[in-house]
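Enquirer: coords please:
(one chain, ligands or ions: 3)
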Amino acid sequence: MPGAATLLRDVFGFDAFRPGQEDIVTAVSRGENVLAIMPTGGGKSLCFQLPALMRDGVTVVISPLIALMRDQVRALREAGVEAGALTSGNTDEETAAVWDALEAGRLKLLYIAPERLAAGSAMGMLRRIGISLIAVDEAHCVSQWGHDFRPDYLRIGELRRALNVPLAAFTATADAETQAEIVEKLFDGQPPQSFLRGFDRPNIHLAFAPKDSPRRQIMEFAAARKGQSGIVYCGTRAKTESLARALCEGGHNACHYHGGMEAGDRRIVESRFNSEDGLIVVATVAFGMGVDKPDIRWVAHADLPKSIEAYYQEIGRAGRDGAPAETLTLFGPDDIRLRRSQIDEGLAPPERRMADHGRLNALLGLAEALECRRTTLLGYFGEQAEPCGNCDLCDTPPETFDGTQPVRKALSAILRTDERFGAGHLIDILIGNETDKVCARGHDQLPTFGVGRDLERRTWQGVFRQMMGHDLVRPDPDRHGALRMTEAARPILRDEQSITLRRDTLVSKSRRPAARALVADEDAPLLSALKAKRRALAEAAKVPAYVVFND
Ligand code: ADP
Ligand code: MG
Ligand code: ZN
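Expert: Ligands and ions are numbered 1, 2, ... in the order given. Sure, this is the predicted structure:
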C-alpha cells in the first residue's frame, strides 16, 4: 500500500497536507478512535477518505445530507476510488451497483444516510461485509441541544458496538458541551484521541519580501540568526548546492539536501540536522517528512512555495517547541511565472489545474496582503483571527496607494501591444523609454507611450508583480514572459473597480545604479526632484536614507 503522502498526491492531487490533516490521517489509519475538530473548509473529508484507502476492508461514512454524500462519492469516483452511497435518493440501479461492488469486495467507501441505520436490515448487512472503520461526518448532529440534531445519529453508538471497529468523528463545532456529548453518545464515554488544535502557530513570525537580490537577502537573514538551526527552501536542486556553499563561505554551518542525492547521504543530513545545534539545511521540498526537530528557529524561502498549503506546512516546521521562530518568504515575478507554468504544463485535468491556480492565488494574495498576514492565512483555512502583532505587516503596516490608474495604464499598454510582451518592455513604453525594441516596433507612437512617467521604473515593477499576484494578468504559457489580461482585470480596466497596491520599501543599495541607468536622460530633472522628495520623506519619517521609496 502506498504511503499517505503518495496517496495525497496521486489520488487527491494535493501537494501538501493542510494544517492538522497529517496527524489525524495517521491516527485514523492506525485504527485509533478519533474526534477531530476543524474549521469549515479545513479539509475534514480527506481525514477519513485517505485512511479508508490505507486500511483493508470498507469504511462506512455517515453523513447527514444526501447532496453532500453524492458530491463526495462523485469526486471520489472521478479520482478513481471505488465509492458508493446508500440513500433514499438512489435509483434501483444505483443501489444494485453498490451491492455488486460490495459483494465483489471492490468498494472502499460506503456512504450511508443515518436514517438507513434505523432499518433493522442495515445492521445485519454491515456486519456481513467486513467494515473496518466508521467515519462520522458532522458529528455534532448527535447533540440534542444543537441546531442540527439528527435523532438517527444516536444509533451510531449502537452500530459501533455491534461492529466493534474504530470510529472517527469530525465536526467544526468546537464548544465543550458538544464535544462532551459526542464522546458520550458516539464513544460510550471513552475519551477518543482528540484533535482540537486550531491552525494558528502564534510563536512563528511571518514575513514576506519581494525578491530583490535573493542571495543577499537570505545571507542577511541567516547572518542575523547565526548559530541557530534553520532551513532554507529553494526551488531547484542546483540552487540548494550553490546557496549552501555561499552560506559556508559566510561562516555558517550549512549543507544542502535534495531528492537527487543518494538515500544514504540524505539520511546523514537528516540525522546531523536532528542532532547538531545550529546547522542550516538548504533544501528542496524533499526535505521535511524525515525531520522531527522541535527547535528549528527559522525557515526561509529563497523561492515562492507552490501553494498556500505548502507554505503553511513548510514554515510550520519552525518552532514546534513553542519558542519564538522566524520565517521569511521571498517572491518575485519569475516565481509567479514558474509556478503558473508548472501548473499549465502539468498533466493534471483542467479542474485540478483551476484549483491549483486558485491555491497559488491564495498564496500570492498572502504575499501581497495589506493587513496582518496571520489573519489572511488563517482566514484561508476558515479560521477567524485578530491582527496578530507577530508578522511583518503588524510590525510595520505597509504604505499603500490607489493603484487603479497605474493598473489601467498598464492594462492599456498590454492590450495595445496585443498581449505579446513582458513587463520589462511594457514598462519601457509606460515610462517613455526609447529603447531600440520600443522604437523598432513603433511603440513610441502608441498613445500609452510615456503615460507612466510619473512613476519610477521600480514602482512599475512592483505594480506589475502585484498585478500578477492579484491574477489580473497571467504569463502566456505559449509565449515566454508575455502577459495576458485575465477576466478579473476587466472591472478595473472599465473603471468600475478600484485597487489598492502596496508601496514596496526595499532596502536596496545594490540595484539602484542599474535602475537609474535605465531612466532616459530627459527624465533627469524629474529624477533629481524625486531624489529630493525621497530625502525629505526619509527625514520626516526618521528612517535611513537608503530606504527606497518608490513614488
Ligand atoms: P470541511 O469538511 O472541513 O469543511 P472539506 O473536506 O470539504 O472541508 O475540504 C474543503 C476544501 O479543501 C475542498 O475543496 C478540498 O478539496 C480542499 N482540500 C482538502 N485537503 C486539502 C489539501 N491537503 N490541499 C489542498 N486542498 C485541500
Ligand atoms: Mg465537511
Ligand atoms: Zn499580524
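Enquirer: Where does pLDDT dip in the stretch 201-350 of the chain?
Expert: Within the stretch 201-350 of the chain, the segments meeting pLDDT under 70 span 289-290.
Enquirer: give the contact list for the residue in it positioned nearest to ligand 1.
Expert: Closest contact between the stretch 201-350 of the chain and ligand 1, by Cβ to the nearest ligand atom, is at Glu309 (4.4 Å). Any C-beta I mention is one placed from the backbone N, CA and C, and that applies to glycine too. Glu309 makes contacts with Phe14, Asp15, Ala16, Phe17, Arg18, Arg359, as judged by Cβ atoms under 8 Å, 6 or more residues apart in numbering.
Enquirer: Can you narrow those down to the ones near ligand 1?
Expert: Phe14, Phe17, Arg18 (Cβ under 6 Å from any ligand atom).
Enquirer: Looking at these, which is nearest ligand 3?
Expert: Arg18 (20.5 Å; Cβ to the ion).
Enquirer: low-scoring pLDDT stretches of the stretch 401-550 of the chain, where are they?
Expert: In the stretch 401-550 of the chain (pLDDT under 70), the answer is 505-550.
Enquirer: Widest-spaced pair of the contacts of Glu309?
Expert: Phe17 and Arg359 (13.1 Å; Cβ to Cβ).
Enquirer: related to what we said a few turns ago, now render the contacts of Glu309 as a markdown table, adding secondary structure and pLDDT.
Expert: Output for the contacts of Glu309, formatted as a markdown table (DSSP: H, G, I helix; E, B strand; the rest coil; pLDDT from 0 to 100):
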| residue | secondary structure | pLDDT |
| --- | --- | --- |
| Phe14 | coil | 92 |
| Asp15 | coil | 88 |
| Ala16 | coil | 92 |
| Phe17 | coil | 92 |
| Arg18 | coil | 88 |
| Arg359 | helix | 86 |
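Enquirer: got JSON lines for those residues, with neighbour count too?
Expert: Shown next, in JSON lines, are the contacts of Glu309 (neighbours: other Cβ atoms under 10 Å):
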{"residue": "Phe14", "neighbour count": "22"}
{"residue": "Asp15", "neighbour count": "17"}
{"residue": "Ala16", "neighbour count": "24"}
{"residue": "Phe17", "neighbour count": "23"}
{"residue": "Arg18", "neighbour count": "22"}
{"residue": "Arg359", "neighbour count": "21"}
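Enquirer: So which of the residues you listed is the closest to Trp298?
Expert: Nearest member of these to Trp298, counting by Cβ to Cβ, is Ala16, at 19.7 Å.
Enquirer: Quick check: phi and psi on that closest one?
Expert: Here is the backbone geometry of Ala16 (degrees, to the nearest 10): phi -150, psi 160.
Enquirer: so it sits right up against Ile308, yeah?
Expert: No - at 9.3 Å, Ala16 does not count as touching Ile308 under the criterion of Cβ atoms under 8 Å.
Enquirer: Most proximal residue of the stretch 51-200 of the chain with respect to ligand 3?
Expert: Asp200 (10.9 Å).
Enquirer: ok, and what's touching stretch 109-123?
Expert: Residues contacting stretch 109-123 (Cβ under 8 Å, 6+ apart): 49, 52, 58-64, 66, 69, 72-73, 76, 81-88, 98, 102, 131, 141, 150, 152-153, 155-156, 158-159, 162.
Enquirer: Mark which of those are buried, thanks.
Expert: 49, 52, 58-64, 69, 72-73, 76, 81-87, 98, 102, 131, 141, 150, 152-153, 155-156, 159 (16 or more other Cβ atoms under 10 Å).
Enquirer: now, which of the residues you listed lie within strands?
Expert: Judged by DSSP state E, the subset of the buried ones among the contacts of stretch 109-123 located in strands is Val58, Thr59, Val60, Val61, Ile62, Ala83, Gly84, Ala85, Leu86, Ile131.
Enquirer: quick one: least confident of these?
Expert: For these, the weakest pLDDT value sits at Leu86, with 90.
Enquirer: Let me see the contact set for it.
Expert: Taking Cβ under 8 Å, 6+ apart as the test, what Leu86 contacts is Thr95, Val98, Leu110, Tyr111, Ile112, Ala113, Arg116.
Enquirer: related to what we said a few turns ago, report the distance from whichever strand or helix holds the residue of the stretch 201-350 of the chain closest to ligand 1 to the chain centre.
Expert: If you go by DSSP states H and E, Glu309 is part of helix 308-315. Helix 308-315 has its C-alpha centroid displaced from the chain centroid by 6 Å (Cα atoms, centre = their mean, to the nearest Å).
Enquirer: nearest to Leu472, of the contacts of Glu309?
Expert: Arg359 (18.0 Å).
Enquirer: Spatially, what comes nearest to that closest one if we skip its sequence neighbours?
Expert: Leaving aside its chain neighbours, Arg359 sits nearest to Ser307 (3.8 Å; criterion: Cβ to Cβ, 6 or more residues apart in numbering).
Enquirer: Could you check how far the one you found is from Glu314?
Expert: Using Cβ to Cβ, to the nearest Å, Ser307 is found at 10 Å from Glu314.
Enquirer: One more: Met69?
Expert: Taking Cβ to Cβ, one finds Met69 at 34 Å from Glu314.
Enquirer: give me the residue from the stretch 351-500 of the chain nearest ligand 1.
Expert: Arg359 (6.2 Å).
Enquirer: Just list the residues touching that residue, thanks.
Expert: Ser307, Ile308, Glu309.
Enquirer: which among these gets closest to Gln179?
Expert: Looking across these and measuring by Cβ to Cβ, the closest to Gln179 is Glu309, at 26.6 Å.
Enquirer: Could you report the neighbour count for the residue of the stretch 101-250 of the chain found nearest ligand 1?
Expert: Nearest residue of the stretch 101-250 of the chain to ligand 1 (Cβ to the nearest ligand atom) works out as Ala172 at 6.5 Å. Counted with other Cβ atoms under 10 Å, residues neighbouring Ala172 total 16.
Enquirer: phi, psi of it?
Expert: Here is the backbone geometry of Ala172 (degrees, to the nearest 10): phi -100, psi 0.
Enquirer: Export stretch 475-482 to CSV, keeping only CA atoms.
Expert: Taking C-alpha atoms only, stretch 475-482 is exported to CSV below (Å, rounded to 0.1, in the frame of the first residue of the first chain):
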residue,chain,number,x,y,z
PRO,A,475,2.1,34.9,-18.3
ASP,A,476,1.1,33.4,-21.6
PRO,A,477,2.2,29.7,-21.4
ASP,A,478,2.8,29.7,-25.2
ARG,A,479,4.8,32.9,-25.3
HIS,A,480,7.6,33.2,-22.9
GLY,A,481,7.1,36.1,-20.5
ALA,A,482,4.3,37.7,-22.4
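Enquirer: If we go by neighbour counts, what in stretch 165-185 is buried?
Expert: By 16+ other Cβ under 10 Å, the buried positions in stretch 165-185 come out as 165-173, 178-179, 181-183, 185.
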